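> 3D model of this:
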Amino acid sequence: MQTTLSDAAKRLARAEEAERILRSCVHCGFCNATCPTYQLLGDELDGPRGRIYLIKQVLEGQPASAKTQLHLDRCLSCRNCETTCPSGVDYHNLLDIGRAVVDQAVARPPLQRALRSGLRNLASHPTAFKRLVQLGRSVDSLLPAALKAKLPRSAATAQARPQAHHERRVLLLEGCVQPGLSPNTNAATARVLDRLGISVTATPQAGCCGAVDYHLDAQARGLERARHNIDAWWPAIEAGAEAIVQTASGCGAFVKDYAKLLHGDAQYASKARRVSKLARDLVEVVAAEPLDKLACHSGQLLAVHCPCSLQHAQKLGGSVEALLKRLGFNLSNVPDGHLCCGSAGTYSLTQPQLARQLRDNKLDALESGRPDVIVSANIGCQTHLDGAGRTPVRHWIELVDEALAKSPSLA
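Numbers count the residues shown, from 1 in each chain. Have a look, this model is predicted:
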């Protein structure tokens, strides 16, 4: 795609990157065939090719508008288009560049600013978020249906974690909302890894991965969170931690991008590369181990929801399904598994109508095989899907942990 950046755009820190990405697009339109918002709305500007044109126009000097901002906001950042694209267009990075330029030029309405600021602040205070969730559940009968759907259906609690006693150690990103919405997920992870001879080293200083800030008009603040986490993890990394494990695939995708996001930071570039190299989704860690100690059987039929951040961003599509089959679980077939559920980080809150349509379509596909439980690998997707009040949705590691609890220990 022929591109001529404006003088202002040429001064952007990521100008060369933006121009390279724009030139790689041959505007074939294959991306629209798998874009969730294009499938729903049928508008060229609500597909990747149209959004690329909008960003191109802005970077070439045409004024950004609220309409431009709306079409970019409607993108889920699911990266399905990247999986489909025959030219390898690095769409999500171009979108990040374009959004930053447009958001600087176009002031958002007060309610939008308040919502986005509130979401960013909640992500930085996991304890306050957990208390807010507990308060919401205590008065859920008084809440509007839309808000009640964002709360866990049951009052789950975190069970005990094993003490760290193995020579092999990993770090675990606890997350910002997962401790409040699904508190047993990380505890179940620690127990399963313990069974494999791996201990989790606690790093309470680490916080939100930075994705919420980065994708909600605060890219600089998101990068500061990345630096903060690198500092928090670094002593354990130097002490020999063999991986940084993420149980939420959305966080994992962002942490694996630390190296790229901080490549121009003289102080953190080298450390960011090390961190990204050590970052592992939980399924990668478990699947790489001998599974004889985890052999388990369950009479439940599971449907696996593979989050976009796992299959399109981390390129680990099918990995959870393969692992669960190896462990002896029965899985149902899920059609259109490549399509987004509509959670997409905070998308279900900033674009609720589109998110609900995508959720209902995804649940129809997941429930087509009549599963007893739906399992996912990302807390946002899990909460969003479970909020419909249909088939229960849980993290896959909890099902493994429960099955192991019913089996004799082989340690």
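> Show me the helices in the stretch 51-200 of the chain, by range?
Per DSSP state H, counting those that start in this stretch, the stretch 51-200 of the chain carries helices over the ranges 66-73, 80-84, 91-105, 110-123, 126-138, 145-148, 178-181, 184-195.
> can you list those in CSV and add mean pLDDT and distance to Thr34?
The C-beta positions use only the backbone N, C-alpha and C, and glycine is treated the same way. Formatted as CSV, the entries for those read as follows, by pLDDT from 0 to 100; distance: least, C-beta to C-beta, whole Å:
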stretch, mean pLDDT, distance to Thr34
helix 66-73, 97, 18
helix 80-84, 96, 5
helix 91-105, 96, 12
helix 110-123, 90, 27
helix 126-138, 78, 33
helix 145-148, 72, 29
helix 178-181, 86, 28
helix 184-195, 95, 29
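> is it possible to export those helices to CSV including mean neighbour count and distance to Ala15?
As requested, the helices of the stretch 51-200 of the chain are arranged in CSV below (neighbours: other C-beta atoms under 10 Å; distance: least, C-beta to C-beta, whole Å):
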stretch, mean neighbour count, distance to Ala15
helix 66-73, 18, 18
helix 80-84, 20, 21
helix 91-105, 20, 9
helix 110-123, 15, 26
helix 126-138, 14, 36
helix 145-148, 12, 41
helix 178-181, 22, 37
helix 184-195, 22, 40
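> which of the residues in stretch 143-161 are buried?
Of the residues in stretch 143-161, those with enough neighbours to count as buried (16 or more other C-beta atoms under 10 Å) are 148-152, 161.
> For Thr68, state which of these is nearest.
Lys150 (29.2 Å; C-beta to C-beta).
> quick one on the thing from earlier: of the helices of the stretch 51-200 of the chain, which is nearest Asn378?
Closest to Asn378 of the helices of the stretch 51-200 of the chain, according to C-beta to C-beta: helix 178-181, at 9.4 Å.
> Identify all contacting residues around the closest one.
Outside helix 178-181, the residues that touch it by C-beta atoms under 8 Å, 6 or more residues apart in numbering are 126, 129-134, 152, 158, 185-186, 247-248, 379, 382-383.
> what about 6 Å?
The set of residues external to helix 178-181 that reach it, using C-beta atoms under 6 Å, 6 or more residues apart in numbering, is 126, 129-130, 133, 152, 185, 248, 379, 383.
> could you dump those residues to CSV with distance to Trp234?
Compiled in CSV, those are given as follows (distance: C-beta to C-beta, whole Å):
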residue, distance to Trp234
Pro126, 21
Phe129, 26
Lys130, 27
Val133, 31
Pro152, 34
Thr185, 25
Ala248, 22
Ile379, 25
Thr383, 31
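> Roughly how far does Asn184 sit from Ile379?
If you measure Asn184 against Ile379 using C-beta to C-beta, to the nearest Å, the figure is 12 Å.
> that older thread, so which of the helices of the stretch 51-200 of the chain gets nearest Trp396?
Each of those was scored for nearness to Trp396 using C-beta to C-beta, and the closest is helix 184-195 (9.6 Å).
> Quick one: distance of the closest one to the chain centre.
Mean-position distance between helix 184-195 and its chain equals 20 Å (C-alpha atoms, centre = their mean, to the nearest Å).
> just stretch 150-157 next, same as before
Stretch 150-157 has its average C-alpha position 20 Å from the chain's average C-alpha position, going by C-alpha atoms, centre = their mean.
> again, but for stretch 157-177
From the chain centre to the centre of stretch 157-177 is a distance of 20 Å (C-alpha atoms, centre = their mean).
> How about residues contacting it?
Taking C-beta under 6 Å, 6+ apart as the rule, stretch 157-177 contacts 123, 126, 129, 183-184, 186-187, 190, 194, 197-201, 203, 208, 233, 236, 241-246, 248, 251.
> Go through it and flag the buried ones.
Judged by neighbour count using 16+ other C-beta under 10 Å, the buried positions of stretch 157-177 are 161, 169-177.
> relative orientation of the top strand by length along the chain and helix 184-195 in degrees?
In the chain, with assignment by DSSP state E, the single longest strand is strand 168-173. When axes from the mean of the first three to the mean of the last three C-alpha atoms, to 10 degrees is applied, the directions of strand 168-173 and helix 184-195 differ by 170 degrees.
> List the buried residues for stretch 22-30?
Along stretch 22-30, these residues count as buried under the neighbour rule (16+ other C-beta under 10 Å): 22, 25.
> C-alpha coordinates for that stretch, CSV please?
What follows is stretch 22-30, C-alpha atoms only, in CSV (Å, rounded to 0.1, in the frame of the first residue of the first chain):
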residue,chain,number,x,y,z
LEU,A,22,1.0,0.2,6.1
ARG,A,23,3.2,-0.8,3.1
SER,A,24,2.9,-4.5,3.9
CYS,A,25,-0.9,-4.4,3.4
VAL,A,26,-2.0,-5.3,-0.1
HIS,A,27,-5.7,-4.5,0.7
CYS,A,28,-6.9,-8.0,-0.4
GLY,A,29,-9.7,-8.1,2.1
PHE,A,30,-9.2,-11.6,3.3
